[in-house]
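1. how would this look folded up:
(chains A and B)
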Protein chains: 2
Amino acid sequence: MADGKMAKRIVIIGGTACGPKAAARARRCDPGAIITLVEQGEYLSTATCGLPYYVGGVIKSRGAMVARGRGFFQDVLDIAVMLPARAMAVDSRAHRVEVLDLKTNRTSSLEYDKLVLATGSSPVVPNVSGKELKGIFTLSRIPEADAMRGLFASGEVGKKVVIVGGGLIGLEMAEAFIARGLEVTVVEAMPRVLPGLLDFETSAHVARELRRHGVKLLTEQALTGFEGDSRGWVSRVLTTDSRLEASLVLVAIGTRPNTALARGAGLAIGATGGISVNKYLQTSDPDIYAGGDCVENLHRVTGKGVLAPLGSTANKHGRVIGTNVTGGRAIFPGVLGTAVAKVFDLNVARTGLSEEQAQAAGYNVVTSLVPGGEHAAYYPGGREIIIKLVAESKTGKLLGGQVVGPGEAAKRVDVLATALAFGATVDDLADTDLGYAPPYNSALDPLHNAANTIRNRRDNLARTVTPMELKHKLDSGEDFILLDVRTPEEWQRQRFEVASARLLPLDELRRKLDSLPRDKEIITFCRRSPRAYQAQRILEGAGFTNVRFLEGSTTAWPYDADLVSFKDKAPAPEPSNGDKAS
Amino acid sequence: MADGKMAKRIVIIGGTACGPKAAARARRCDPGAIITLVEQGEYLSTATCGLPYYVGGVIKSRGAMVARGRGFFQDVLDIAVMLPARAMAVDSRAHRVEVLDLKTNRTSSLEYDKLVLATGSSPVVPNVSGKELKGIFTLSRIPEADAMRGLFASGEVGKKVVIVGGGLIGLEMAEAFIARGLEVTVVEAMPRVLPGLLDFETSAHVARELRRHGVKLLTEQALTGFEGDSRGWVSRVLTTDSRLEASLVLVAIGTRPNTALARGAGLAIGATGGISVNKYLQTSDPDIYAGGDCVENLHRVTGKGVLAPLGSTANKHGRVIGTNVTGGRAIFPGVLGTAVAKVFDLNVARTGLSEEQAQAAGYNVVTSLVPGGEHAAYYPGGREIIIKLVAESKTGKLLGGQVVGPGEAAKRVDVLATALAFGATVDDLADTDLGYAPPYNSALDPLHNAANTIRNRRDNLARTVTPMELKHKLDSGEDFILLDVRTPEEWQRQRFEVASARLLPLDELRRKLDSLPRDKEIITFCRRSPRAYQAQRILEGAGFTNVRFLEGSTTAWPYDADLVSFKDKAPAPEPSNGDKAS
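-> As a prediction, this is how the structure comes out:
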């Protein structure tokens, strides 16, 4: 190792996001360090997250996909760039990396005082028959996007595209392909899209949006193989249930951390498959740091390891590593699993744990499902959002949240993410002094209402049924009254066409209490739930003992847009837990 | 007082926001309570914050200005409504309120177990000559808005309107009057608009936006009187510097809590003039609660009393009071001074303390002024925002923030407000896992950059000058180099036309170090500052010892839009404190 007076030698493997950020930060922290950046592809500092928009044509310029050229790193930052070059092996005892120059095919050896692994992740392609056929793509690098754009430009590709995987990239690419005039089918092995991010209630609205834009959605079907034509080009996608024609396929079922180099160096690997790092982003070898998609992160809610292959995390990692390899002591406190995506005209955002994830992690949860306007109802142009909030039953501690809708969702999730970082409770959230003016918000933000709904349930004021519970009751023919407390005009426009449904507008409820049976369960609903909650309280005040309201009412109803039928397929109702409804 | 078995008698004075919310919440908490709501105006539950948009015509329907009618409170909530009726006096010993029915002119006496004062605030009109003239308005209630709309409809009012007061309502109304085709002059006694909310650097951008839309802005001028014509209609506004023609005047210099009833009942009043309440919103009489504009709030950053006359706060108060008057024990933890406003095409938001307020409160502060795109630069349509962050020097604890620009400002301030509620530091903010996707954000949010700039200053990496400091140097003819490290194209388009300015693009800097004198101060700048910061580090790495960069660079420059001259009047540079620049 170099002594204090010699220039520190820093070698950074990987040039997409974490690597370049670490390099730039290291240079700003230490003007004298000898910094080398090694990248196996053709580009440095690429805008990987923008690739779906580049493929779809929203981003026109190829130049926009590369944030910084080689010249910037060399001329401005005085960083030696090896590109295209591949790090082949790390000799951690000798503090040396073998690097293969991919142009000259020559191997050289780089000595380091500090080594940074920012080797990223690679798309997973299942080992099925036909996976080597032409026309089957993944999307993680510029050349793949260029190839797809080339196909569109050539006009030589057919109209039918199948996307394997209904995750973030799959859905962003569905929009991109639709924009290119293609017929898009999304195949997802789980019962819903964005299964790792959203619960059913919010995911269903994303599915509806996809269908509204012509995307065909096939869930609970796993990829089994591909068939090709005589030219070796893909012609069909085979799943457990379907044979789908396709002249273009995108496989987007997830990514896997690139850890070969780390494993070769004997570094510890976490249970998630990412490189193990401490809070300084140091690996099990104190002179080797790692960051970006290749590492395992700490989840700040569960305290467990988690993969977080996102540019936002990679950039934060890069800054921490650049600080620490030059003698600093910066800390990366972990991630919250925050994600946001545009799915056609819907904003989709989430942070922390979904209800499903929270239950799997052993939490006893209480949730709320609350629609709202993005801003004051009387100010024109307001669009809807639907919030699902997840908290721990006993403590009211927030565990996560999901917001979907045409309205402002990202803001609400950023507020939730900030609250989660501090272990906030629903009380904390309800009390937050958020900015209020009619073009931006209501006097109480929908987030406040979502927090208050959980408080009202905790305080035994609000009693609710989830849409899944109601669906189950309807499907199993239970005897109860589904009490619509909206106006006759609203009932005319859209209603539950079921025998149990009955209209009794809220402003007549007190006068007509005698028209309701006291021995039957009553489930109230309105458009967004406040009237339904009010009706529940009125009925309870009048001595009715078995009344609940439908969470999210018609606005959040996930099964069918116009409520006149329930013919959509939907997953079985999730089990309710003790706190959820009573 | 009623015993546990008798119905609780709750009397609520004030029907705008806090009162109706408290009434509705009390009913939901206690179905059997006897609740009376007393309002002196004609309406309940009015959308007061929407009045500027109603006057301007953005909101067309008068109906939209009233959220809930009398019928809702009576029929749905079973609340007795006295309207129009005025509470004249409280006999706290006898638990009795005297109420004058304004229609019948009859007085009645209401007994209460719990009394709620939600008496609101009233616009301040200075006691100057001519204040009784016709055509001089304030804006706090629907009838005033109706009267102004009536004037526009009649066409009987001239074109010239003067707004006295450059606060939130003044600026919202400037936009409304411009929309009505009027010529608008805003007179503000302080040196800048929104003086209680923004520091100079951000306020200057609001002033520029006002001017861009034709609003004439006169600062540092106090109102001294009005002159009228023979019909008793206002014709001129007199200030310490001007005589302004006006056929319509809006006085919007602030509001004062309505505390006559509370004072009459002997309740404690705080130093701010608002009714003193504890965290349960109980006054000095435990059976009297108070909320909304009429009370003094706890500021969660300073721990001191503060007025917060906002609908958002009033609604939160109402919920807490409704809970507590029915036997609950809810807490209101205080406010952060969050505010957001639309000023033409600019989003203006702030929370916590401004730098000026923080210094006045005795904090030693460090700040950053950081422009950024609202989302990824390569995704089309991104608009600019400018963030000013204020933190405590020693601890890095966040004290407040301001965000202005055509881009998404409200989201960033809501994140800051959430962070402030937990006593977050700049490190906490920089580490927050905010949602990232190209249509919503950059990999590092501008908020992260603003926090990192403060960290870089703390860690002695970044050295900065504020725009005010640079302006002072330029004005006083100091000898230094103002080093533009942008490209020649950017220099051609817009530059500082001063003798000290010099172009040396960042990518040539290392090669041309010898062209720069080592004995002169160098101040670098670019468009948003990252290049300027990089240049500072390069120069320091090369042994230059007196280098700083201009915070916010050209984007945040508050004095002149095109930088070719500095003829705008601006306040004297604020004194820099020890931490700010070195």
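2. Pretty sure A:Arg457 sits against A:Val366.
-> Yes - counting by C-beta atoms under 8 Å, A:Arg457 does reach A:Val366; the two are 6.2 Å apart. Where you see a C-beta, it was placed from the backbone N, CA and C, and this is true even at glycine.
3. just checking, A:Leu369 touches A:Leu550?
-> No - if you go by C-beta under 8 Å, A:Leu369 and A:Leu550 don't touch, sitting 9.2 Å apart.
4. which neighbours do the two share?
-> A:Pro467 (C-beta atoms under 8 Å, 6 or more residues apart in numbering or on different chains).
5. any idea of the pLDDT on A:Met173?
-> Looking at A:Met173, its pLDDT reads 98.
6. Make sure I have this right: it is in a helix.
-> Yes - counting by DSSP: H, G, I helix; E, B strand; the rest coil, A:Met173 falls inside a helix.
7. Look up how far B:Thr351 lies from it.
-> According to C-beta to C-beta, to the nearest Å, A:Met173 stands 38 Å off from B:Thr351.
8. With neighbour numbers in mind, choose between the two.
-> B:Thr351 (32 against 24; other C-beta atoms under 10 Å in any protein chain shown).
9. Beta-bridge partners for the more buried one, please?
-> B:Gly401 (DSSP bridges).
10. didn't it look like it was pressed against B:Val413?
-> Yes - counting by C-beta under 8 Å, B:Val413 is a contact partner of B:Thr351 at 5.2 Å.
11. Identify the contacts common to these two.
-> Joint contacts of B:Thr351 and B:Val413 (C-beta under 8 Å, 6+ apart) are A:435, B:338, B:401.
12. Just among those residues, which is most surrounded?
-> Most crowded among the shared contacts of B:Thr351 and B:Val413, counting by other C-beta under 10 Å, is B:Gly401 at 31 neighbours.
13. Let me see the contact set for that one.
-> Counted by C-beta under 8 Å, 6+ apart, B:Gly401 has contacts B:350-352, B:387-390, B:412-413, B:416, B:450.
14. quick one: which of the residues you listed sit in strands?
-> Taking DSSP state E, the ones among the contacts of B:Gly401 that sit in strands are B:350-352, B:387-390.
15. Pull the most distant pair out of those residues.
-> The span of those, defined through C-beta to C-beta, is set by B:Gly352 and B:Ile387 at 12.8 Å.
16. Domains of chain A: list them as residue ranges, please.
-> For chain A, automatic domain parsing gives the domain ranges A:9-121+A:256-324, A:136-253, A:345-458, A:464-556.
17. now the closest residue to A:Thr219 other than its chain neighbours: how far from chain B?
-> Closest residue to A:Thr219 apart from its sequence neighbours, by C-beta to C-beta, 6 or more residues apart in numbering or on different chains: A:Glu188 at 4.9 Å. Counting by C-beta to the nearest C-beta, to the nearest Å, the gap from A:Glu188 to chain B is 20 Å.
18. and A:Glu188, what pLDDT?
-> A:Glu188 carries a pLDDT value of 98.
19. what sits up against the helix or strand harbouring A:Ser108?
-> Assigned by DSSP states H and E, A:Ser108 belongs to strand A:107-111. Applying C-beta under 8 Å, 6+ apart, the external contacts of strand A:107-111 come out as A:9, A:11, A:36, A:38, A:88, A:94-101.
20. which parts of the stretch 51-200 of chain A sit against chain B?
-> Contacts of the stretch 51-200 of chain A with chain B, taken as C-beta under 8 Å from any C-beta of the partner chain, map to A:53, A:58-59, A:61, A:64-65, A:67, A:71-72, A:75-78.
21. What is the most widely separated pair among those residues?
-> The widest separation within these (C-beta to C-beta) is 35.6 Å, between A:Val58 and A:Asp78.
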